[in-house]
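Enquirer: quick one: sequence plus predicted model below, questions after.
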Amino acid sequence: MTEGSSRSLDRRWWTAGLIASTALLCVWCGVFAGIGGWVAGRDIGRREARLELSATAAAQPVLPDLGVLVTRLDRSGPAARAGVARGDVIVAIEGVYVQDARDLRNEILRYRVGDTIRLTILRDQSEQTMNVVLGAFPGNPRLPYLGVYYTARGEEPADL
């Protein structure tokens, strides 16, 4: 092998190594950026939930031990039509007390679309009962829908 062809071969390996290193660095940065974006997005979501909960809790400073705080309503949803308002605390469905969001979801799922349920809420530190006709969940007409966005003090908001 001549000296000129040896230099040419060294340049090729050096160029191939540089290209491979650059590609590996790009993949590494892409993965790192993706993970960072996912973590940041989750953190922002939690902070927004805490801010919304704080704003709602400020309007109602004494929260009960049991119940699910209504943070928003579907304006055309079943709960809004029945008179549920933002800041109400859902404490029972058909006399069965709910302590957190999981209890509320499980109780709602015991009923069918079109069923009328007796909802017990706390408003202005007094208990009220109202009848709500469950609607169909948007996107899945077989699931019952209450039409409230809620939080159980510290949990991430969800909707039913």
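Expert: It's in.

Enquirer: burial of residue 100, as a residue count?
Expert: The number of residues packed near residue 100 is 16, by other C-beta atoms under 10 Å. In this view, the C-beta of every residue, glycine as well, is placed from N, C-alpha and C.

Enquirer: make sure it is actually in contact with residue 89.
Expert: No - in this structure, residue 100 is not within contact of residue 89 by C-beta atoms under 8 Å, at 11.6 Å.

Enquirer: overlap of the contact sets of the two?
Expert: Common neighbours of residue 100 and residue 89 are listed as residue 68 (criterion: C-beta atoms under 8 Å, 6 or more residues apart in numbering).

Enquirer: lowest-pLDDT helix or strand in this structure?
Expert: Here the helix or strand of the chain ranked lowest by mean pLDDT, DSSP states H and E is strand 158-159, holding a mean of 52.

Enquirer: surely residue 71 and residue 85 touch.
Expert: No - using C-beta under 8 Å, residue 71 makes no contact with residue 85, being 11.2 Å away.

Enquirer: for these two, work out which one has more neighbours and name it.
Expert: Neighbours per residue, other C-beta under 10 Å: of residue 71 and residue 85, the larger number sits with residue 71, 20 against 11.

Enquirer: three-state assignment of that one?
Expert: strand (DSSP: H, G, I helix; E, B strand; the rest coil).

Enquirer: low-confidence stretches in this protein?
Expert: For the chain, the stretches with pLDDT under 70 are 1-10, 51, 53-65, 151-160.

Enquirer: domain parsing for it?
Expert: Listed by automatic domain parsing, the domain ranges of the chain are 1-59, 64-159.

Enquirer: just how off-centre is the helix or strand hosting residue 79 within its chain?
Expert: Counting by DSSP states H and E, the element that carries residue 79 is helix 78-82. Relative to its chain's centre, helix 78-82 lies at 22 Å (C-alpha atoms, centre = their mean, to the nearest Å).
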